[in-house]
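Trainee: sharing a model prediction with you, sequence too.
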Amino acid sequence: MALKICIAQLNFLVGDTVGNAQKIIAAAHEAYAQGARLLLTPELSICGYAAEDLFLRPAFIASCDDAVKTVARELAGLKGLHVVVGHPTGGDVRSKSVAVQRRYNAASVLSEGRVLETYAKRELPNYQVFDERRYFTPGQGACVFQVEGINVGLLICEDAWFDEPGLLARNSGAEMIAVLNASPFHVGKGVERVARMAERARFLEAPVVYAHLVGGQDEVVFDGGSFAVDAAGELVARAPSFQEDLFFIEATRQDGQPASLALTGKLVAERSAEADLWDALVLGVRDYIGKNGFPGVLLGLSGGIDSALVLAIAVDALGKGRVRAVMMPSPYTADISWIDARDMAARMGVRYDEISITPEFEAFKASLAGEFKGLPEDTTEENIQARIRGVFLMALSNKFGSIVLTTGNKSEMATGYCTLYGDMAGGFAVIKDLLKTQVFKLARWRNIHDPYGTGIDPIPERIITRPPSAELRPDQTDQDSLPPYDILDAILERYMENDQGVEEIIAAGFDRAVVERVARLIRINEYKRRQSPVGIRVSHRSFGKDWRYPITGKFRA
């Protein structure tokens, strides 16, 4: 006898409890028609992940409770179907006139109009982008329910990374473990998940079915790729990444076998890190723009590698009709920058405009001439140019409603090689978490992967090969102000992403003066990063929720 399981790998909208419930109901009807009798949805599917301080509002919890009841009621006629939905539940209770938190990150098993079981997540993560102890109380006990004669143990995300929750389920009779998840993407996370669940399956001597969320939510992206491993830890099924899918798995009892349940399903091939990274950025842009209702995007196209990469990502995410590029030359813009920007825009088929900032730049200098009399030009004048461009882009955004995509990368954000209210002005920072060396690598990857069959490299080769420059003074290059990017990025990866100390990095062969300079630049530019737009997280540690350092402080590494 076989149990057909459907993982509803869906893209939910935070706070849209009515819409999310309807997505689950539609998925359940389709899955049921195809023979499924167990439907698994991701963690907190009713409200979307993560709803942050919405969890603290009683009206929000009540809305989620109502949505769970709606799902149960609307699916009452599907005999034998069990639907597992993730949702917050509970609220504040009074104890000696003090409000005590009793909210739970929960999952309920619904069948034939009833809530059969509700399980509360036991292990609440409070690291990286996670902040669940702010909102939830740890659950207790286990949840095991039966579908088609098979005992299914229920866990939620972090529970599956620890021994006790799985053991409680197994000791309560579970033959298979179903795990609801909302695990944010970073490069390499998918491999890590499969390896860990394989270890869990071997430890528990039971197969594991991993139902994962897909979609972008502010800084984070969820990559889907739901999967199943058998009791021996072998990967037996995997859903596509970065797209919605109703993914089916069959569990078949094999009497007389040491592990009596065999799982089968489609097994999508493993992908490259670059493919995952590209799709994460594309999905992050598409969902931020779509879920927030912006009609399109615009960006400053400089003829450099960063803006070129952002343009290519935006077109892949939204289509050329919703993307506009603006070239804003200054007196220091090289001819090849004009040529390359025009070429890039033509290749991508987007609207392209040129607006010189020279008249405004000269006007600013004239207005400030008295104040600056006798002083040489320096970064002040460079920043004025960047800020004029920011004003132009924001004016176009205000007039036409499109959001401005900023084009700064992680190497620049770390070291402060960016201008407040200039190139940092905008609404969404697409490559904020990409080191400069990754920018070059991803640009080359996209040029050799043509999903549309055009036969045209989207990014002109010269944009990739010419030395990067802000073009804010004569003959300027980035390396006038920063260490070579291969050295800078290696230090940033060690110091910022992996918390290695200055002496440890120096001991690894890096120059002391360079390491100390980079550490200082990271420290003194915290105030800039606090004012930068939200951007897509693709590493295990990004500037944002992962990085919480004081602006004002005395400690020196």
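Mentor: Great, that's in hand.

Trainee: could you point out the helix or strand that follows the longest helix anywhere in the chain?
Mentor: Longest helix in the chain, counting residues (DSSP state H): helix 379-400. With elements assigned by DSSP states H and E, the helix or strand that comes after helix 379-400 is strand 403-406.

Trainee: thinking again about what came up before, the longest helix of the chain - what's its average pLDDT?
Mentor: Averaging pLDDT along helix 379-400 yields 95.

Trainee: and stretch 349-368, by the same measure?
Mentor: 96.

Trainee: contacts for it, please.
Mentor: 301, 311, 315, 320, 323-331, 338, 341-342, 345-346, 372, 381, 384-385, 388-389, 392 (C-beta atoms under 8 Å, 6 or more residues apart in numbering). No exception for glycine: its C-beta is placed from N, CA and C like everyone else's.

Trainee: and if you look at stretch 52-63?
Mentor: With C-beta under 8 Å, 6+ apart, stretch 52-63 has contacts from 14-15, 17, 47, 51, 88-92, 103, 131, 135-136.

Trainee: would you mind putting the CA coordinates of it into CSV?
Mentor: Output of stretch 52-63 as CSV, limited to C-alpha atoms (Å, rounded to 0.1, in the frame of the first residue of the first chain):
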residue,chain,number,x,y,z
GLU,A,52,8.5,39.9,12.5
ASP,A,53,6.7,42.2,15.0
LEU,A,54,3.4,41.4,13.4
PHE,A,55,3.6,38.4,15.6
LEU,A,56,3.2,40.7,18.6
ARG,A,57,-0.2,42.0,17.5
PRO,A,58,-3.2,40.1,18.8
ALA,A,59,-5.2,41.0,15.7
PHE,A,60,-2.6,39.3,13.5
ILE,A,61,-2.7,36.1,15.5
ALA,A,62,-6.5,36.1,15.4
SER,A,63,-6.3,36.6,11.6
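
Trainee: buried set for that stretch?
Mentor: Residues of stretch 52-63 classed as buried: 54, 55, 60, 61, 63 (neighbour count, 16 or more other C-beta atoms under 10 Å).

Trainee: distance of the closest residue to residue 450 other than its chain neighbours from residue 349?
Mentor: Once flanking residues are discounted, residue 450 sits nearest to residue 456: 7.7 Å by C-beta to C-beta, 6 or more residues apart in numbering. From residue 456 across to residue 349, the span is 10 Å (C-beta to C-beta, to the nearest Å).

Trainee: do residue 511 as well
Mentor: 45 Å.

Trainee: repeat that for residue 267.
Mentor: 36 Å.

Trainee: what about residue 119, helix or strand, and which?
Mentor: strand 114-120.

Trainee: return the set of buried residues in that strand.
Mentor: 117, 118, 119, 120.

Trainee: among the contacts of stretch 349-368, the buried ones, what's the PyMOL command?
Mentor: The buried residues among the contacts of stretch 349-368 can be selected in PyMOL (16+ other C-beta under 10 Å) with this line:
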select buried, resi 301+311+315+323+324+325+326+327+328+329+330+341+342+345+381+384+385+388+389+392
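
Trainee: where strands are concerned, which of the contacts of stretch 349-368 count?
Mentor: Among the contacts of stretch 349-368, the ones falling in strands (DSSP state E) are 323, 324, 325, 326, 327.

Trainee: I'd like these written out as TSV, with pLDDT and distance to residue 557 added.
Mentor: Formatted as TSV, the ones in strands among the contacts of stretch 349-368 follow (pLDDT from 0 to 100; distance: C-beta to C-beta, whole Å):
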residue	pLDDT	distance to residue 557
323	98	41
324	98	43
325	97	40
326	97	40
327	95	41
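
Trainee: and the two most separated of the buried residues of stretch 52-63?
Mentor: 55 and 63 (11.6 Å; C-beta to C-beta).

Trainee: break the chain down into its structural domains.
Mentor: 2-271, 275-478+525-529, 483-524 (automatic domain parsing).

Trainee: with distance to residue 535 added, can I get these in JSON lines?
Mentor: Formatted as JSON lines, the domains of the chain follow (distance: least, C-beta to C-beta, whole Å):
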{"stretch": "domain 2-271", "distance to residue 535": "7"}
{"stretch": "domain 275-478+525-529", "distance to residue 535": "3"}
{"stretch": "domain 483-524", "distance to residue 535": "15"}
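
Trainee: return the residues in contact with residue 399.
Mentor: Residues near residue 399 by C-beta under 8 Å, 6+ apart: none.

Trainee: now it: how far from residue 424?
Mentor: Relative to residue 424, and taking C-beta to C-beta, residue 399 is found at 21 Å.

Trainee: in TSV: the ones in strands among the contacts of stretch 349-368, plus distance to residue 67.
Mentor: What follows is the ones in strands among the contacts of stretch 349-368, written out as TSV (distance: C-beta to C-beta, whole Å):
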residue	distance to residue 67
323	35
324	38
325	41
326	43
327	47
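
Trainee: helix/strand/coil for the residue sitting furthest away from the middle of the chain?
Mentor: In the chain, counting by C-alpha atoms, centre = their mean, residue 374 sits farthest out from the average C-alpha position, at 49.2 Å. The three-state label given to residue 374 by DSSP: H, G, I helix; E, B strand; the rest coil is coil.

Trainee: least confident secondary structure element in the chain?
Mentor: strand 82-95 (a mean of 80; mean pLDDT, DSSP states H and E).

Trainee: just after that one, pick out the following helix or strand.
Mentor: Heading C-terminal from strand 82-95 (DSSP H and E), you reach strand 98-111.

Trainee: now that next one: average pLDDT?
Mentor: Here strand 98-111 scores 85 as its mean pLDDT.
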